[in-house]
Structure formats: C-alpha cells, structure tokens
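In: let's see this in three dimensions:
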Amino acid sequence: MKRLIALATAACALAGAAHAQEIVRGGDPKSPIASVVTVPAGFDTIYVSGMTPPVIDDKAVGVARFGDTKTQTLGVLGRIEAALKTQGATMADVVMMRVLLVGDPAKGGKMDFAGMMEGYKTYFGTAEQPNKPSRITSQISGLVADGMLVEIEVQAAKKK
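Out: Reported below is the predicted structural model:
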C-alpha cells in the first residue's frame with residue numbers, strides 16, 4: 001500500500017511539473033522575432049482573424065484614409081490587442097504572427113517593411129513586454145479596401 005501511495009504521489013508530482021511548463025521562445029536574442037516557439041500542454045490557443053487598419057480620415061481616399069504603413073500597423077495591432085483582451089489574453093501571449101503588406105505607392109510599389117517594424121517594435125520585445133512571436137511577413141497585391149497596406153493575424157497561447 002505504501003508503494004502504491006508513493007507511486008501515486010510521484011505521478012501527481014510529474015503531472016504538476018508538466019503542467020507548470022512555460023512557453024519557450026528561442027532564437028537570437030537580438031532578433032525582433034522568435035525563430036521558434038514551443039507551447040507545452042496546459043495552454044489554450046486563441047486564433048485572431050486577420051485584422052485590417054481602422055480609418056483615420058473618413059474624408060480621404062487611398063492610403064491617406066488609413067495612414068502610412070507604420071500608422072496602419074499600430075492601428076491593426078491595437079485592434080488585435082483589443083480582440084485578445086476579450087479572451088483574457090494580452091500581446092505577451094502572442095506566439096505566431098502573419099503580416100501581409102501591400103506595396104506602398106509612395107515607395108514605388110514595394111512593401112514598407114521598416115514602417116511595419118517601427119509599429120511592431122512598440123508592442124513586442126520592449127522592456128514592458130519582452131515576448132516576441134514567431135512571424136512571417138509577405139508582400140501581397142491587395143487587401144479588401146483601396147489604401148489598406150497592412151493585415152495581420154495572430155495566434156496566442158494562454159495558460160489554462
């Protein structure tokens with residue numbers, strides 16, 4: 001009986017240790033993204049659909065309606081932050097991000113990666129919020145409205 005109790009206690013301790021694991025983010029610490037993220041058992045996954053930028057000037061047309069790439073990125077990340085909050089999560093819980101950028105007419109039709117990164121770095125890898133997600137950034141030909149340059153979707157993981 002003592003042996004059975006000892007085995008049960010050990011099994012519970014191992015299960016507790018496994019549940020206590022944290023998300024692991026790997027890669028070059030100087031990089032603005034994580035090259036690999038491992039989410040152990042015991043976390044809920046939150047999928048946030050692609051978000052587009054809010055209108056900043058409803059009288060304007062084209063890019064001016066939504067702002068430059070940095071402005072649009074900040075607007076999109078703000079919307080993602082609000083969506084995560086409805087699920088009890090924060091930007092620190094983001095583990096994967098997909099960024100779609102339309103070529104900026106002001107940049108000869110090339111995506112404004114630097115502008116997106118300026119907005120991105122206000123939310124990730126900061127002293128207040130050091131977590132960084134894995135990420136892909138791609139240039140696409142267009143989004144749902146003329147002048148939109150940015151769409152971002154994320155997956156987040158929150159401890160149960």
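In: okay, the spatially closest residue to Pro40 that is not a sequence neighbour and Val39: tell me how far apart.
Out: Spatial nearest neighbour of Pro40, excluding adjacent residues (Cβ to Cβ, 6 or more residues apart in numbering): Gln21 at 3.9 Å. Quick note: C-beta positions are derived from backbone N, CA and C, even for glycine. Noted for Gln21: a distance of 9 Å to Val39, by Cβ to Cβ, to the nearest Å.
In: which of the two has more neighbours?
Out: Ranked by neighbour count (other Cβ atoms under 10 Å), Gln21 and Val39 place Val39 first, with 21 against 14.
In: excluding chain neighbours, what is closest to the more buried one?
Out: In space, and not counting its chain neighbours, Val39 is closest to Ala157: 4.4 Å by Cβ to Cβ, 6+ apart.
In: model confidence score at that neighbour, please.
Out: The model reports Ala157 with a pLDDT of 98.
In: mind listing what it touches?
Out: Taking Cβ atoms under 8 Å, 6 or more residues apart in numbering, we find Ala157 in contact with 23, 39, 43-46, 93, 95.
In: do that again at 7 Å, thanks
Out: 23, 39, 43, 45, 93, 95 (Cβ atoms under 7 Å, 6 or more residues apart in numbering).
In: quickly list what the fourth one is bridged to.
Out: Partner residues in beta bridges with Thr45, using DSSP bridges, are Ala157.
In: didn't it look like it was pressed against Gln155?
Out: Yes - the pair Thr45 / Gln155 is scored as a contact, 6.2 Å apart, by Cβ atoms under 7 Å.
In: which of the two has more neighbours?
Out: Gln155 (18 against 12).
In: SS state for the more buried one?
Out: Under DSSP: H, G, I helix; E, B strand; the rest coil, Gln155 falls in the strand class.
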